[in-house]
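> coords below, sequence missing:
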C-alpha cells in the first residue's frame, strides 16, 4: 500500500493505539493474527488448512465506543495504516482478508441494544451485536427482526449492512437494507456521521445507501436503527413438489404478483431436492418448494389458500407440511459443516439475481456453462420479488494438491458462471457481496459506475486506509 511502511511506523502506531483503547484491547499475538486473516470463503479456509501463505494483519484492536473508532481512524490516517473492519468473520467472499496488512478493527465489543421502541416498531443497536443474540433479545419483548441468514449465529448486524445481506424470510420482511431507518457511521478520516431516524426523507441523496453495501471500504458502521416486527400470531408451512424447476419458478412469480408474500419461498432443483429430502429419509423426484406464511390467523389462511391453488394449477403435488417444519428447525446444520476438501473436491457457492423474464435463461445458461467440467452443481431459488428472484448455486470441483495452482478448477468454474450470468443480464451477487472472490468481474457489471465508485473512495478515503483491495478498488485481483 502506497505510503505504508510497517517496519518504520508500527511500533509507534501501536503505542498510540493503546492510548486510545487501552492495552487490553490491542493484540499482536500470533494466534490472533492467524485467526483474523480470513473469513469462511473456501479459498482462505483451504490455504489455512494446508498451510499455504495468507496475508496477516499486524494487530487486532477492539474498540468499545464510536469515539474509539473515530480516534483509531484518525490515527491510522496519520500513520497511513490500513484498517479492516471485522464483524463475525462469516463472509464467504474474502471480504475481510488483510491483503495490505494493517490492523483488524473487531467491533464485537460494541454490542449494546440501546432502545426498543414498541410504539414505532424500531430498535437501535450497536453494529457489533451478534444477530442471534439480538433476535433473542427482541423475542423477549414480543418482536422479531425477521432476518434469518444461514450465518445468524455467527454474523453481526453491522456485517449484514456492509454486504447488503438477505435472510431466509426476506420475501415478507425485506432484505437488511429495507429494514434500516437510521445509521451512525465513521468516515475513513474519523468524522462521525449520523442520519435521522425517519421512515423516509427527501433531504438530498440517501447517505445510508452510500455506506450500506460498501463492504467496509467507505466507512465504519457503528450504530443502526432497524425496523422490528411483532412475532407472528400464526405460521403455516406448505410443501409442494413440482415436476420441473421452471414450473416452480412460474408458480412463485404468480403467487407474488397476485399480492401474496410468504415469509419463506424456497424452491430446490432436482439435485438439491434429493439432498434436502434425503436427509430426512424422503425419496421423491422433482423440485420441492417450501412456503411459510406469517401473520394474523385470518390473513395467513387466505394467503395459504390462494398460493396453494396457484401451485396446484402447475400440477404440483402437496407433501407433508412437517417437511417444511423440519427444514426450518435444521436449516443451519449444513452451515456448521465447515466447507473443505471433500474426497478431493472443493465446495463453494455463488448467488445471482435477475428479473423473471431472464431468470429461467440465467439458470439454464449457468448450468450449460459448466457442463464440460467435472462438477457437482445444485441450485435453489432462495429470495423472491414481484420482479424477479435470486438463484443460489452450490457446487463441488476438484482440488489438485500437486498442481502449481490447486484452485485452478475453482477459478475456471467461477469464471464460467460469472460470464454466463453477465451474458444473461443478471447481477453477479445478490447478497454475499464482492470481497475478493468477485473482483475479476465487478468492472464488467458496473462499467463506468466502478470509476465513479473509485472517485467516491478517493474523496472519502484519500490515504486508502479502509479495507484496501476489496470491491474492485485494486482491479481484478483474486487471492
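Noted; the coordinates are in hand. Source: prediction; values computed, not measured. Residues are numbered from 1 along each chain as shown.

> Residue 347 belongs to a strand?
Yes - under DSSP: H, G, I helix; E, B strand; the rest coil, residue 347 sits within a strand.

> Check what pLDDT it gets.
pLDDT, residue 347: 91.

> who does it bridge with?
residue 396 (DSSP bridges).

> Near it, how many residues? Count them for me, please.
Around residue 347 there are 19 other residues, counting by other CB atoms under 10 Å. Where you see a C-beta, it was placed from the backbone N, CA and C, and this is true even at glycine.

> helix/strand/coil for residue 390?
Here residue 390 is recorded as strand under three-state DSSP.

> okay, now the domains of the protein?
Annotated domains of the chain cover 114-230, 234-335, 338-437 [automatic domain parsing].

> export these to JSON lines and tack on distance to residue 98?
As requested, the domains of the chain are exported to JSON lines (distance: least, CB to CB, whole Å):
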{"stretch": "domain 114-230", "distance to residue 98": "11"}
{"stretch": "domain 234-335", "distance to residue 98": "24"}
{"stretch": "domain 338-437", "distance to residue 98": "11"}
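
> hey, least reliable of those by pLDDT?
Looking at the domains of the chain, the bottom one is domain 338-437 with a mean of 91.

> Please compute how far that one lies from its chain's middle.
Domain 338-437 sits 15 Å away from the centroid of its parent chain (CA atoms, centre = their mean, to the nearest Å).

> now swap in stretch 181-195 and tell me
21 Å.

> tell me how far the ends of that stretch are from each other?
For stretch 181-195, the first-to-last residue distance is 9 Å (CA to CA, to the nearest Å).

> Okay, now the unreliable bits of the stretch 1-150 of the chain?
Across the stretch 1-150 of the chain, residues meeting the criterion (pLDDT under 70) sit at 1-4.

> Could I get the full set of helices for it?
6-21, 30-35, 42-49, 66-79, 131-140 (DSSP state H, counting those that start in this stretch).

> right, so of those helices, which gets closest to residue 377?
helix 42-49 (15.2 Å; CB to CB).

> starting at the chain centroid, how far to that closest one?
19 Å.

> mind giving me a markdown table with the helices of the stretch 1-150 of the chain and columns for distance to residue 384 and mean neighbour count?
Shown next, in a markdown table, are these (distance: least, CB to CB, whole Å; neighbours: other CB atoms under 10 Å):
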| stretch | distance to residue 384 | mean neighbour count |
| --- | --- | --- |
| helix 6-21 | 44 | 15 |
| helix 30-35 | 37 | 13 |
| helix 42-49 | 27 | 19 |
| helix 66-79 | 37 | 20 |
| helix 131-140 | 22 | 16 |
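
> quick one: which of those is nearest residue 368?
Here helix 42-49 is closest among the helices of the stretch 1-150 of the chain (CB to CB), at 23.7 Å.

> wait, is residue 153 part of a strand?
No - with three-state DSSP as the criterion, residue 153 is located in coil rather than a strand.

> Could you find the closest non-adjacent residue to it?
In space, and not counting its chain neighbours, residue 153 is closest to residue 132: 4.7 Å by CB to CB, 6 or more residues apart in numbering.
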